[in-house]
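One predicted model, sequence on top.
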Amino acid sequence: MQRELAWLEQLNYIQFKPPFKGTEDFIAKFTGKKDDGNLSDYVELTPEGKSFYLRANAIREDEAKNQPPQK
């Protein structure tokens, strides 16, 4: 998941909540430790990330509407 978080941060789709300064800082805190909480406790979408999510969701909904009925 480290690679995915770094990629989303580079694309400016996510940002880490304080006190974290970025992916490396976040990963360093949790390496070798038990999962503690939900990722949304530490990361939030940026305006660009929200926009991307909404566009991708709209595309999925349109594709689902255009699927022929299954037999």
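Arrived safely.

quick one: buried residues of the lowest-mean-pLDDT helix or strand in the chain?
Every helix and strand in the chain was compared by mean pLDDT, DSSP states H and E; the lowest is helix 23-30, with a mean of 90. Along helix 23-30, the positions that meet the burial threshold by neighbour count (16 or more other Cβ atoms under 10 Å) are T23, F26. Any C-beta I mention is one placed from the backbone N, CA and C, and that applies to glycine too.

Can you mark which positions in the following helix or strand past that helix are buried?
Scanning the chain past helix 23-30 towards its C-terminal end, the next helix or strand to appear is strand 43-45 (assignment: DSSP states H and E). Within strand 43-45, the residues that qualify as buried are V43, counting by 16+ other Cβ under 10 Å.

who does strand 43-45 touch, helix- and strand-wise?
Other helices and strands packing on strand 43-45, by 3 or more Cβ pairs under 8 Å, 6 or more residues apart in numbering; DSSP states H and E, are strand 14-16.
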